[in-house]
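Colleague: Got a sequence here, can you build the structure:
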Amino acid sequence: MKCFVTGASGFIGGNLARELVARGHSVKALLRPGSDTRSLTGIEVERVAGDVSDPGRLVPAMRGCDWCFHVAASYQLWLRDYAPMYAANVDGTRHVLEAAAAAGCARIVYTSTVGCIGLPVERDGKVVPTDESTPVSEAQMSNHYKLSKWRAEEIARALAAKGLPIVIVNPTAPVGPFDVKPTPTGKVIVDFLNRALPAYLDTGLNWVHVRDVALGHILAAERGRIGERYILGHADGNWTMKQALDVLAEITGLPSPKFRVPYWVAFAAAHVDELLACVTSKPPKAPLAGVRMAKYKMWFSPAKAIRELGLPQTPPRQALHDAVEWFSAQPHSDRKN
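Modeller: Numbers count the residues shown, from 1 in each chain. Sure thing, here's the model as predicted:
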């Protein structure tokens, strides 16, 4: 298949491009001028200069493509002005999805986030992972990033209801190689390797190998039902942050942080950090949006994707091992293997 990929310079998009090429597909990557393309090192893709904000150039660029993967997104938890984020995530999504349909793509996969899935609930002292059927509303979108992705997902669902061949995927917390930026989750691993993580919050994520997330996109194009959402995660990946850090300690031989930061301390520190950011214009180290999300254990069930798509289930420990191996060879980390 000939595949059009937005966001190919990013963590998920770069890994997706690699997996597509490895399976014999050709990739046409939409890249903004000046993009950091290290995630595409070593693979052959056709590079197209452009931006999701320019719908006039999208249809010609997509013509002849069988599949479109819209992975690109603006992901920041703090900005002085959030208008560009909404323009990229909401308007940009409409531009890409409509252009893909106009260009004749047979399958369009839209990359959303589990932030658009209903939050897990606690029953009898245990956190119960949620799935695609969990009730959720816009009112639960607690920060601008989640709200922009929610509105983009609404566009995707509405266009699918009109007959556009759109499938939605909702990745959990991917880790693994080629996390160039790195992502917030990857930054946890980088800080751990650099011994810059003296404490942790009592939070939790669904940890999944980025390769499985990339393959989940391909499987969604092959087998996904139009208009459906699929959580791309790991059935055994619902770990607390402390559990993940302890596994990192076992993998690396480095000590795991022992001090747990009370939530109220982190919340107060984030307030101060954001006030300073407003003065200095430098992004806060701990945005309020991130601390608010950390109040919940973001645990989800990928059973639907496993059942309907055949989503691979690489052990989360292997995902962390592969991430450590990759980061250790990069300038991000002081640790070298």
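
Colleague: As a check, name the ranges of all strands in the chain.
Modeller: Here the chain has its strands, by DSSP state E, at 2-6, 26-31, 46-49, 67-70, 107-111, 121-123, 126-128, 166-171, 173-175, 199-200, 204-209, 229-232, 238-240, 259-260.

Colleague: where does the protein dip in pLDDT?
Modeller: Scanning the chain for pLDDT under 70 picks out 264, 271, 274, 277, 288-289, 291, 332-337.

Colleague: rerun that using 50 as the cut-off
Modeller: Within the chain, the stretches with pLDDT under 50 are 336-337.

Colleague: Lys181 touches Phe11, doesn't it?
Modeller: Yes. Between Lys181 and Phe11 a contact is recorded at 6.9 Å, counting by CB atoms under 8 Å. Yep, even glycine has a C-beta here, placed from its N, CA and C like the rest.

Colleague: Look at the two and report which has more neighbours.
Modeller: Phe11 (27 against 15; other CB atoms under 10 Å).

Colleague: So that one sits against Pro184, correct?
Modeller: No. Using CB under 8 Å, Phe11 makes no contact with Pro184, being 10.5 Å away.

Colleague: export the strands of the chain to JSON lines and tack on distance to Ala220?
Modeller: Below are the strands of the chain laid out as JSON lines (distance: least, CB to CB, whole Å):
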{"stretch": "strand 2-6", "distance to Ala220": "12"}
{"stretch": "strand 26-31", "distance to Ala220": "16"}
{"stretch": "strand 46-49", "distance to Ala220": "22"}
{"stretch": "strand 67-70", "distance to Ala220": "9"}
{"stretch": "strand 107-111", "distance to Ala220": "5"}
{"stretch": "strand 121-123", "distance to Ala220": "27"}
{"stretch": "strand 126-128", "distance to Ala220": "25"}
{"stretch": "strand 166-171", "distance to Ala220": "5"}
{"stretch": "strand 173-175", "distance to Ala220": "15"}
{"stretch": "strand 199-200", "distance to Ala220": "33"}
{"stretch": "strand 204-209", "distance to Ala220": "15"}
{"stretch": "strand 229-232", "distance to Ala220": "6"}
{"stretch": "strand 238-240", "distance to Ala220": "22"}
{"stretch": "strand 259-260", "distance to Ala220": "37"}
